[in-house]
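Q: I need the structure of the sequence given here:
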Amino acid sequence: MLSLAHGSAAETDRSRAAVESACHRDGFVVRSVNEHVSGSTTSRLSVYLRCLDALAEAGVHTVSSRALAERLHLNAALIRKDLAWFGEFGVRGVGYFVGDLRRNLRRILGLDLGLKLVILGAGNLGCALADYPGFRQGGFDIVAMFDVAPEKVGRLVKGGLLVRHVRELAEVVREARVDIAVVAVPAAAAQEVVRAAVEAGICAVLNFAPGTVRVPDGVALRQVDLGMALETLSFTLAQAARVAGQSD
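A: You can find the predicted model right below:
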C-alpha cells in the first residue's frame, strides 16, 4: 500500500525504534517506550543540538534548561520534557554538561551512524545541495549525484562530485549501502525518481520537488517545498496588511 508521508504513525514508530536502539547502545534507557515521540519533539532536538554546538564553540561547559529556553525563545519545562523522553541528562544545581548532552543528542538523532546519501538531480538546486557543508558537518556522507541530461552526466559539480547517469543508481546504492536519497528534480519527474530510488533499496527520501510524492510503507519521506514556505509567509504578511488597513 502507498502512503502520503508527512509524519505518519508508521514513521513515528520507526523513529522511536531507532531512538530506542541508539539509547540502549549508549547505556541509558528510553522512557515511555510504549508511547509515541512526536515529530515536533524530534524536530526540537535538532534545534537544541544546534544551540549546544554554538555553546561548545563559545567554550561554555554547562547550561541550564532556563538558559537554553532563553536562547531559543522556548519554555524551560518543554525542554526538560523533551529530553526526559530519552533519559536523565541534567544534574541538579548544575544543569546540563554541554559536551555530554551534545554527544547524546547526536546518538539519539542517529548522527553517529555515518549515514550515506545520494542527490538525484544536478540542476541549480541539486548542485547547491551538493556544495552545502552542513550535510558533512552533520555526519552525512554524499557519495554520488545523478541526472539524465547528457550535458550534465560526466561533469564535476562544484562540490567535487561526478554526475552519474541515473541508470547507475541501483549499483551505487548496493555497493555504497546508501541510506537516503535527496530529490531535487522538477515536479513532473519527482514521482518516477522517488520510485527508482525506492526500487534501488533506499529507505529514506528527502524531497525538494514541489507537490506530493508517494512512497511504500516502510520508507520514510520528508517534504521540503520552498514555494509553500514562501506562500505561508506571504499569507502572514497579507493578513497583517489587512489588519493594519482595517485599523486605519
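Q: what about residue 103, neighbour count?
A: Neighbour count of residue 103, defined by other CB atoms under 10 Å: 15. In this view, the C-beta of every residue, glycine as well, is placed from N, C-alpha and C.
Q: wait, what's in contact with it?
A: For residue 103, no contacting residues are found, by CB atoms under 8 Å, 6 or more residues apart in numbering.
Q: next one: it, what pLDDT does it get?
A: Here, the pLDDT recorded for residue 103 equals 95.
Q: just give me the longest helix of the protein.
A: Counting residues, the longest helix found in the chain (DSSP state H) is helix 226-247.
Q: low-confidence ranges, this structure, go.
A: Along the chain, segments meeting pLDDT under 70 span 1-35, 248.
Q: quick one: the strands in it?
A: Taking DSSP state E as the criterion, the chain contains strands spanning 2-4, 62-63, 96-97, 116-120, 141-147, 163-165, 180-183, 204-207, 214-216, 220-223.
Q: go through those and name the closest to residue 106.
A: Of all these, strand 96-97 sits nearest to residue 106, with 14.2 Å by CB to CB.
Q: mean neighbour count added to the strands of the chain, as TSV?
A: TSV is the format used below for the strands of the chain (neighbours: other CB atoms under 10 Å):
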stretch	mean neighbour count
strand 2-4	12
strand 62-63	18
strand 96-97	20
strand 116-120	25
strand 141-147	21
strand 163-165	18
strand 180-183	24
strand 204-207	22
strand 214-216	17
strand 220-223	20
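Q: just put those in TSV and tack on distance to residue 73.
A: Conversion of these to TSV gives the following (distance: least, CB to CB, whole Å):
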stretch	distance to residue 73
strand 2-4	32
strand 62-63	15
strand 96-97	18
strand 116-120	31
strand 141-147	33
strand 163-165	41
strand 180-183	30
strand 204-207	27
strand 214-216	34
strand 220-223	24
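Q: ok, which of the ones you listed comes nearest residue 244?
A: strand 220-223 (32.7 Å).
Q: contacts for stretch 228-240, please.
A: Residues outside stretch 228-240 that contact it (CB under 8 Å, 6+ apart) are residue 210.
Q: just the CA trace of stretch 188-205, in PDB.
A: Only the C-alpha atoms of stretch 188-205 are listed here, as PDB (Å, rounded to 0.1, in the frame of the first residue of the first chain):
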ATOM      1  CA  ALA A 188       6.900  16.300 -13.200                       C
ATOM      2  CA  ALA A 189       9.800  13.900 -12.700                       C
ATOM      3  CA  ALA A 190       9.700  13.600  -8.900                       C
ATOM      4  CA  GLN A 191       7.500  10.500  -8.500                       C
ATOM      5  CA  GLU A 192       9.400   8.500 -11.000                       C
ATOM      6  CA  VAL A 193      12.700   9.400  -9.500                       C
ATOM      7  CA  VAL A 194      11.400   8.500  -6.000                       C
ATOM      8  CA  ARG A 195      10.200   5.200  -7.300                       C
ATOM      9  CA  ALA A 196      13.600   4.500  -8.800                       C
ATOM     10  CA  ALA A 197      15.300   5.300  -5.500                       C
ATOM     11  CA  VAL A 198      13.000   3.000  -3.500                       C
ATOM     12  CA  GLU A 199      13.400   0.200  -6.000                       C
ATOM     13  CA  ALA A 200      17.200   0.600  -5.700                       C
ATOM     14  CA  GLY A 201      16.900  -0.100  -2.000                       C
ATOM     15  CA  ILE A 202      16.800   3.300  -0.400                       C
ATOM     16  CA  CYS A 203      14.600   3.500   2.600                       C
ATOM     17  CA  ALA A 204      14.500   7.300   3.300                       C
ATOM     18  CA  VAL A 205      13.800  10.200   1.000                       C
END
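Q: contacts for that stretch?
A: 5, 118, 120-121, 166, 169-170, 173-174, 178-183, 185, 207, 209-211, 213-216, 218-222.
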